[in-house]
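[1] pasting the sequence and the predicted model now:
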Amino acid sequence: MQSVDEMARQRNVSIARLQGLEVATISVDCAKPVDIGFYVKEKMRFVNPLSWLPKAEIRPGLFAYGKQAPNVAHAVAADSELCAALDVLLTRYAGAVEWCDASLHARVNIWTGTIDGDSTGGERFLSHLETTARRLGDIAQGRSQVEANLSTRAFGPTWFRNRAMVGGLLTGFLGAFLLLFAVIGFSTLRRIAH
(Lines give C-alpha, C1' and ligand atoms only; values in the text may rest on other atoms or scores of the structure.)
Protein backbone atom coordinates (compact mmCIF):
# COMPACT_ATOMS: atom_id res chain seq x y z
CA MET A 1 0.00 0.00 0.00
CA GLN A 2 1.19 3.52 -0.79
CA SER A 3 2.05 5.96 1.95
CA VAL A 4 -0.29 8.87 2.56
CA ASP A 5 2.38 11.27 1.26
CA GLU A 6 2.60 9.38 -2.07
CA MET A 7 -1.19 9.33 -2.42
CA ALA A 8 -1.31 13.05 -1.57
CA ARG A 9 1.29 13.90 -4.23
CA GLN A 10 -0.75 12.02 -6.85
CA ARG A 11 -3.79 14.16 -5.97
CA ASN A 12 -1.82 17.45 -5.81
CA VAL A 13 -2.37 17.70 -2.05
CA SER A 14 0.35 19.04 0.20
CA ILE A 15 0.47 17.93 3.82
CA ALA A 16 2.25 20.07 6.41
CA ARG A 17 2.93 18.48 9.76
CA LEU A 18 3.29 20.78 12.71
CA GLN A 19 3.40 19.92 16.38
CA GLY A 20 0.03 18.27 17.06
CA LEU A 21 -1.46 19.32 13.71
CA GLU A 22 -1.61 18.05 10.14
CA VAL A 23 -2.74 20.55 7.51
CA ALA A 24 -3.72 19.18 4.10
CA THR A 25 -3.99 21.77 1.32
CA ILE A 26 -5.43 21.35 -2.16
CA SER A 27 -6.13 23.93 -4.84
CA VAL A 28 -9.64 25.08 -5.74
CA ASP A 29 -10.61 26.40 -9.18
CA CYS A 30 -11.41 29.88 -7.90
CA ALA A 31 -10.15 33.30 -8.97
CA LYS A 32 -12.36 35.25 -6.55
CA PRO A 33 -11.50 36.30 -2.98
CA VAL A 34 -13.10 33.75 -0.63
CA ASP A 35 -12.65 33.14 3.11
CA ILE A 36 -15.11 30.62 4.57
CA GLY A 37 -14.79 27.96 7.25
CA PHE A 38 -16.92 24.84 7.64
CA TYR A 39 -17.70 22.94 10.83
CA VAL A 40 -20.05 20.37 12.28
CA LYS A 41 -21.94 21.16 15.45
CA GLU A 42 -20.43 18.37 17.56
CA LYS A 43 -16.86 19.45 16.71
CA MET A 44 -17.36 23.16 17.37
CA ARG A 45 -15.19 24.21 20.28
CA PHE A 46 -16.88 25.26 23.51
CA VAL A 47 -15.21 28.65 23.38
CA ASN A 48 -14.64 29.73 19.80
CA PRO A 49 -12.74 32.98 19.20
CA LEU A 50 -14.48 33.28 15.82
CA SER A 51 -18.02 32.91 17.16
CA TRP A 52 -18.81 36.53 16.27
CA LEU A 53 -18.37 35.86 12.52
CA PRO A 54 -21.56 35.41 10.48
CA LYS A 55 -22.72 31.78 10.39
CA ALA A 56 -25.08 29.87 8.16
CA GLU A 57 -26.56 26.42 8.53
CA ILE A 58 -25.98 24.37 5.40
CA ARG A 59 -27.85 21.29 6.60
CA PRO A 60 -28.72 20.10 10.11
CA GLY A 61 -25.39 19.83 11.94
CA LEU A 62 -23.27 21.28 9.07
CA PHE A 63 -22.39 24.97 9.14
CA ALA A 64 -20.32 27.61 7.36
CA TYR A 65 -18.86 30.74 8.92
CA GLY A 66 -17.30 33.92 7.59
CA LYS A 67 -18.75 37.04 5.97
CA GLN A 68 -19.56 35.13 2.76
CA ALA A 69 -21.07 32.09 4.53
CA PRO A 70 -24.73 33.11 4.11
CA ASN A 71 -24.15 33.64 0.38
CA VAL A 72 -22.51 30.23 -0.12
CA ALA A 73 -24.58 28.04 2.21
CA HIS A 74 -27.47 27.56 -0.25
CA ALA A 75 -25.14 26.53 -3.07
CA VAL A 76 -23.33 24.05 -0.81
CA ALA A 77 -26.65 22.68 0.52
CA ALA A 78 -27.86 22.01 -3.03
CA ASP A 79 -24.84 19.75 -3.69
CA SER A 80 -25.37 16.47 -1.81
CA GLU A 81 -21.96 15.10 -2.87
CA LEU A 82 -20.22 18.18 -1.45
CA CYS A 83 -22.21 18.01 1.79
CA ALA A 84 -21.38 14.31 2.20
CA ALA A 85 -17.67 14.95 1.59
CA LEU A 86 -17.60 17.84 4.07
CA ASP A 87 -19.48 15.77 6.63
CA VAL A 88 -16.96 12.89 6.39
CA LEU A 89 -13.98 15.25 6.60
CA LEU A 90 -15.37 17.12 9.60
CA THR A 91 -16.80 14.21 11.61
CA ARG A 92 -13.97 11.70 11.09
CA TYR A 93 -10.83 13.75 10.56
CA ALA A 94 -10.63 17.52 10.51
CA GLY A 95 -11.43 19.98 13.23
CA ALA A 96 -11.64 22.69 10.58
CA VAL A 97 -12.03 22.86 6.81
CA GLU A 98 -11.36 26.32 5.39
CA TRP A 99 -11.74 27.65 1.86
CA CYS A 100 -9.48 30.62 1.21
CA ASP A 101 -9.34 31.95 -2.37
CA ALA A 102 -7.85 29.17 -4.53
CA SER A 103 -6.97 26.85 -1.63
CA LEU A 104 -8.81 24.44 0.62
CA HIS A 105 -7.22 23.59 3.98
CA ALA A 106 -8.21 20.73 6.26
CA ARG A 107 -6.72 21.00 9.75
CA VAL A 108 -6.44 17.66 11.53
CA ASN A 109 -5.57 17.64 15.23
CA ILE A 110 -3.45 14.51 15.73
CA TRP A 111 -4.74 14.15 19.31
CA THR A 112 -8.18 13.27 17.93
CA GLY A 113 -7.19 11.52 14.69
CA THR A 114 -4.81 11.49 11.76
CA ILE A 115 -5.15 11.68 8.00
CA ASP A 116 -3.96 8.10 7.56
CA GLY A 117 -5.46 6.72 10.78
CA ASP A 118 -8.22 4.64 9.20
CA SER A 119 -8.34 1.33 7.33
CA THR A 120 -7.75 3.07 3.97
CA GLY A 121 -4.44 4.60 5.05
CA GLY A 122 -5.57 8.10 4.09
CA GLU A 123 -7.31 7.29 0.79
CA ARG A 124 -10.78 8.12 2.17
CA PHE A 125 -9.60 11.45 3.58
CA LEU A 126 -7.83 12.46 0.35
CA SER A 127 -10.76 11.38 -1.82
CA HIS A 128 -13.22 13.49 0.18
CA LEU A 129 -10.82 16.44 0.26
CA GLU A 130 -10.47 16.23 -3.53
CA THR A 131 -14.25 16.02 -3.98
CA THR A 132 -14.76 19.03 -1.70
CA ALA A 133 -12.21 21.12 -3.60
CA ARG A 134 -13.67 20.17 -7.00
CA ARG A 135 -17.26 20.92 -5.95
CA LEU A 136 -16.30 24.25 -4.30
CA GLY A 137 -14.53 25.13 -7.56
CA ASP A 138 -17.80 24.42 -9.38
CA ILE A 139 -19.58 26.84 -7.04
CA ALA A 140 -16.89 29.50 -7.58
CA GLN A 141 -17.09 29.12 -11.37
CA GLY A 142 -20.90 29.21 -11.49
CA ARG A 143 -21.19 25.55 -12.53
CA SER A 144 -23.30 24.53 -9.52
CA GLN A 145 -27.07 24.04 -9.33
CA VAL A 146 -27.47 27.13 -7.14
CA GLU A 147 -25.44 30.25 -7.78
CA ALA A 148 -23.43 31.72 -4.91
CA ASN A 149 -22.73 35.42 -4.56
CA LEU A 150 -18.99 35.70 -3.84
CA SER A 151 -18.87 39.48 -4.40
CA THR A 152 -19.05 40.33 -0.69
CA ARG A 153 -15.83 41.05 1.15
CA ALA A 154 -13.80 37.95 2.05
CA PHE A 155 -13.51 38.11 5.83
CA GLY A 156 -13.33 34.84 7.72
CA PRO A 157 -11.11 32.40 9.59
CA THR A 158 -8.00 32.80 7.40
CA TRP A 159 -8.09 36.59 7.61
CA PHE A 160 -8.43 36.38 11.37
CA ARG A 161 -5.67 33.72 11.76
CA ASN A 162 -3.21 35.74 9.63
CA ARG A 163 -3.82 38.91 11.66
CA ALA A 164 -3.51 36.99 14.92
CA MET A 165 -0.16 35.49 13.83
CA VAL A 166 1.21 38.89 12.79
CA GLY A 167 -0.08 40.42 16.03
CA GLY A 168 1.58 37.66 18.05
CA LEU A 169 4.91 38.19 16.27
CA LEU A 170 4.75 41.96 16.72
CA THR A 171 3.87 41.54 20.40
CA GLY A 172 6.83 39.19 20.85
CA PHE A 173 9.24 41.59 19.12
CA LEU A 174 7.87 44.55 21.08
CA GLY A 175 8.22 42.60 24.35
CA ALA A 176 11.82 41.65 23.51
CA PHE A 177 12.63 45.25 22.57
CA LEU A 178 11.13 46.60 25.80
CA LEU A 179 12.99 44.00 27.85
CA LEU A 180 16.27 44.88 26.12
CA PHE A 181 15.58 48.61 26.63
CA ALA A 182 14.84 48.01 30.33
CA VAL A 183 18.04 45.97 30.82
CA ILE A 184 20.17 48.60 29.09
CA GLY A 185 18.48 51.41 31.05
CA PHE A 186 18.93 49.55 34.35
CA SER A 187 22.62 48.86 33.71
CA THR A 188 23.18 52.53 32.71
CA LEU A 189 21.52 53.72 35.93
CA ARG A 190 23.73 51.38 37.99
CA ARG A 191 26.88 52.77 36.31
CA ILE A 192 25.75 56.34 36.97
CA ALA A 193 24.96 55.54 40.63
CA HIS A 194 28.45 54.08 41.21
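    Right, received. Where do you want to start?

[2] hey, let's count contacts and neighbours off CA atoms from now on
    Noted.

[3] burial measure for F181, as a count.
    12 (other C-alpha atoms under 10 Å).

[4] quick check: phi and psi on it?
    Here is the backbone geometry of F181 (degrees, to the nearest 10): phi -60, psi -40.

[5] now G61: how far from Y39?
    8 Å (C-alpha to C-alpha, to the nearest Å).

[6] correction: Y65
    For Y65, the distance to Y39 equals 8 Å [C-alpha to C-alpha].

[7] that older thread, so between G61 and Y39, which is more surrounded?
    Y39 (25 against 12).

[8] would you say that one is within a strand?
    Yes: under DSSP: H, G, I helix; E, B strand; the rest coil, Y39 sits within a strand.

[9] not counting residues beside it along the chain, what's closest to the spatially most central residue of the chain?
    Closest to where the C-alpha atoms of the chain average out (C-alpha atoms, centre = their mean) is E98, at 3.4 Å. Distance criterion C-alpha to C-alpha, 6 or more residues apart in numbering; nearest residue to E98, sequence neighbours excluded, is G37 at 4.2 Å.

[10] count the residues that sit near the one you found.
    Under the neighbour criterion other C-alpha under 10 Å, G37 is assigned a count of 24.

[11] many thanks, have a good one.
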